[in-house]
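> Turn this into a model:
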Amino acid sequence: MTRRNFRKIPAIIAAFGMAMAVGLTGCDSPTSDQTTTPATITFNGNQNTAGTAPTAITVNVGDGITLPGRGDLVRSGYAFVGWRAGSPTTGTVLPASSGFTVNANITMYAAWNVMTPATIYFEGNGHTHGEPPGAIQTYIGVVIQLPVPGDMASPPYFFSGWRVGDPEYGSILAMGVNFEVTGDETLYAVWAPYTVTFDDWAGSVTRFEVSPGVDISGMRINLIIPPITHAGYPVTSIDTRAFQNIENLVGIEIPAGVTYIGSWAFSSSSIETVTFAPDSQLQIIATHAFHETTNLTSIEIPAGVTSIGEGAFLNSGIETVTFAPDSQLQTIRGGAFQDTANLVGIEIPATVTSIGWQAFLRSGIETVTFAPNSQLQTIERLAFLSTTNLTSIEIPAGVTSIGDWVFNWPNQQRIYIHHDTLTPYGWHENWRGDDENPQIYNASVTPPVRLFPFP
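Okay, the predicted model is just below:
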């Protein structure tokens, strides 16, 4: 190769590279024809005896779905376990809620397993009258409702539920509750040494009494009020003085159907815990319902309660009061928390419109807060008189009426109001008593401006 030709090689390579570049950039990019194919998944009950299969689902081929549950499908004597793809009897069972990729139209067949029969027997466990309920024929996995005792009785003892598995040591379940069957089982009646009297027609608990001749000294009674009376009527109320002065009653569970707790219902009892069933329908806690329950230290008020009656927790041992979310409480009546020396703090729900006279008189309360968007309108006379531990409070802007001597503290305090005058229209001129110590601030401006003592 001559020296001259050798010198041309780089130029040839460069030209070839440019040609390749031009050729590549000049080509059209390949494109794919994006098409979708719909596919439908239908569901078949596969010998169901009741109910309807879930509605068909239409998606695109290649999409994934979440398999539905059985809905209301039922096959007597069988348990639903999932779905079979394309065949009613063969193939892998896919559980409900599992993922499934759709490749074509397909039918999903309900998969059923034969249920194992089970029998639940009921024993009177020392009953003296009547007969226990008859056995229930059912299947493993089924949930049944435990029966009432019928005409079975053992006076002077109270039927208080069923023991599971062992007549002395098995766990206790109240009549009317749900029970999941795990196999053949014997449930034994529980007879307690006290009497709970019901007004069947009214659906109320009227009285708790110790059985005659029975010594319950030292006994700690935890009572589960059944959701239904012995005659099968729903329990909706606890009557006046039903559990008053019961010294050995330390705990009580109140069923969801109870809407009313009557006056003095638990007054002066030794109750320590009060538990409300989930979804409690309680609306009214009446006058002095928990008066002088000195062992009761805390309580959560169900969401549906609209009124806490006069003296409801007067002179009780209550330390903390909480309100269920979405509380509908409207009224805290006079003396409701009067002389609760151990009460530390309270957050008053936004729905409360009225705080009654002496509601927190001489309580040990240290903090009072009002939920955002408080609807409070009225604070009656003496409501917070002599609450010596309360160092600061902000009165909601919507309050239009305050009675006399609502506040009267011996020590330096701060009260925040949403007005530019010490005595707004509708407020009693002595709403803060004759106390010259509290500092009053107008909180409707930022920062708050002191109204008294005058700057």
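> Just give me the residue right at the centre of the chain.
Among the residues of the chain, the one closest to the centroid is residue 278, at 4.8 Å (Cα atoms, centre = their mean).
> who's in contact with that residue?
Contacts for residue 278 (Cβ atoms under 8 Å, 6 or more residues apart in numbering) come out as residue 256. Backbone N, C-alpha and C define where each C-beta goes, glycine included.
> Under the pLDDT cut-off, which ranges of the stretch 301-450 of the chain? List them.
Scanning the stretch 301-450 of the chain with the threshold set as pLDDT under 70 gives 410-412, 435-437.
> hey, where'd the strands end up in the stretch 301-450 of the chain?
If DSSP state E, counting those that start in this stretch is used as the criterion, the strands of the stretch 301-450 of the chain fall at 307-308, 320-323, 331-332, 345-348, 354-355, 367-370, 378-379, 392-394, 401-402, 414-417, 439-442, 449-452.
> Including mean neighbour count, could these go into TSV?
Shown next, in TSV, are these (neighbours: other Cβ atoms under 10 Å):
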stretch	mean neighbour count
strand 307-308	22
strand 320-323	16
strand 331-332	23
strand 345-348	18
strand 354-355	22
strand 367-370	16
strand 378-379	22
strand 392-394	17
strand 401-402	19
strand 414-417	19
strand 439-442	18
strand 449-452	14
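> beta partners of the closest residue to residue 166 other than its chain neighbours?
Computed as Cβ to Cβ, 6 or more residues apart in numbering, the closest residue to residue 166 that is not its neighbour in sequence is residue 188, at 7.4 Å. Here residue 188 sits in beta bridges with residue 123, residue 163, as judged by DSSP bridges.
> Hmm, residue 188 is touching residue 162, no?
Yes - with contact defined as Cβ atoms under 8 Å, residue 188 counts as touching residue 162 (6.6 Å).
> quick one, which of the two is more surrounded?
residue 162 (28 against 22; other Cβ atoms under 10 Å).
> list the contacts for that one?
Each residue near residue 162 by Cβ under 8 Å, 6+ apart is listed here: 122, 146, 172-173, 175, 187-190.
> Report the buried members of these.
Buried subset of these (neighbour count, 16 or more other Cβ atoms under 10 Å): 122, 146, 173, 175, 187-190.
> Tell me which of the residues you listed has the lowest pLDDT.
On pLDDT alone, residue 175 ranks lowest of the buried ones among the contacts of residue 162, at 78.
> give me every residue that touches that residue.
146-149, 159, 161-162, 226-228.
> Relative to residue 201, which of those is nearest.
Among the contacts of residue 175, residue 228 lies closest to residue 201 (Cβ to Cβ), at 13.2 Å.
> OK, contacts around the nearest residue to the closest one once chain neighbours are set aside?
Of all residues not flanking residue 228 in the chain, residue 176 sits nearest, at 4.8 Å (Cβ to Cβ, 6+ apart). Residues in contact with residue 176 (Cβ under 8 Å, 6+ apart) are 145-146, 148, 226-228, 255.
> want to throw these into CSV with distance to residue 113 and secondary structure?
Below are the contacts of residue 176 laid out as CSV (distance: Cβ to Cβ, whole Å; DSSP: H, G, I helix; E, B strand; the rest coil):
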residue, distance to residue 113, secondary structure
145, 24, strand
146, 26, coil
148, 33, coil
226, 35, coil
227, 33, coil
228, 34, strand
255, 35, coil
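> burial of residue 223, as a residue count?
22.
> Is it in contact with residue 253, as I believe?
Yes - assessed by Cβ under 8 Å, residue 223 is found in contact with residue 253 at 7.3 Å.
> roughly how far is stretch 209-224 from the heart of the chain?
Distance of stretch 209-224 from the chain centroid (Cα atoms, centre = their mean, to the nearest Å) equals 31 Å.
> do you know which of the strands of the stretch 301-450 of the chain lies nearest residue 427?
Nearest to residue 427, of the strands of the stretch 301-450 of the chain and by Cβ to Cβ, is strand 401-402 at 4.4 Å.
> What helices and strands are in contact with the closest one?
Strand 401-402 is packed against strand 378-379, with contacts defined by 3 or more Cβ pairs under 8 Å, 6 or more residues apart in numbering; DSSP states H and E.
> try it again with 6 Å
Applying 3 or more Cβ pairs under 6 Å, 6 or more residues apart in numbering; DSSP states H and E, we find strand 401-402 packed against no helix or strand.
> List of residues touching that strand?
Residues from elsewhere that reach strand 401-402, judged by Cβ atoms under 6 Å, 6 or more residues apart in numbering: 378-379, 426-427, 431.
> from these, which single one is nearest residue 269?
Minimum distance to residue 269 across the contacts of strand 401-402 is 30.9 Å, recorded for residue 379 (Cβ to Cβ).
> got the contact list for that closest one?
Contacts of residue 379 (Cβ under 6 Å, 6+ apart): 355, 402, 406.
> Could you dump those residues into a markdown table and include distance to residue 325?
Formatted as a markdown table, the contacts of residue 379 follow (distance: Cβ to Cβ, whole Å):
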| residue | distance to residue 325 |
| --- | --- |
| 355 | 21 |
| 402 | 29 |
| 406 | 29 |
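> and the two most separated of the buried ones among the contacts of residue 162?
By the measure Cβ to Cβ, 175 and 188 form the most distant pair in the buried ones among the contacts of residue 162, at 12.8 Å.
> To what extent is residue 83 buried, counted in neighbours?
Neighbours of residue 83 using other Cβ under 10 Å come to 27.
> just residue 50 next, same as before
10.
> Contact partners for it?
residue 74.
> okay, it: pLDDT?
pLDDT at residue 50 comes out at 95.
> So it versus residue 76, what's the distance?
Plainly put, residue 50 is 8 Å away from residue 76 if you go by Cβ to Cβ, to the nearest Å.
> same question, residue 284
From residue 284 across to residue 76, the span is 45 Å (Cβ to Cβ).
> cool, residue 259 as well?
Using Cβ to Cβ, one obtains 38 Å as the distance from residue 259 to residue 76.
> So between those two, which is more surrounded?
Remark: of residue 259 and residue 76, residue 259 carries more neighbours, 16 against 10, as counted by other Cβ under 10 Å.
> how about the more buried one, what does it touch?
236, 281-283.
> Name the member of the residues you listed with the most neighbours.
residue 282 (24 neighbours).
> now that residue, nearest residue through space, not along the chain?
residue 302 (4.7 Å).
> same question, residue 115
Spatially, and ignoring its direct neighbours in sequence, residue 115 is nearest to residue 139 (3.8 Å; Cβ to Cβ, 6+ apart).
> Who is that neighbour paired with across the strands?
Beta bridges link residue 139 to residue 117 when assigned by DSSP bridges.
> wait, isn't it in contact with residue 119?
No - Residue 139 is beyond contact range of residue 119, at 10.1 Å (criterion: Cβ atoms under 6 Å).
> Neighbour count: those two, which is higher?
Using other Cβ under 10 Å, the more surrounded residue of residue 139 and residue 119 is residue 139, with 16 against 13.
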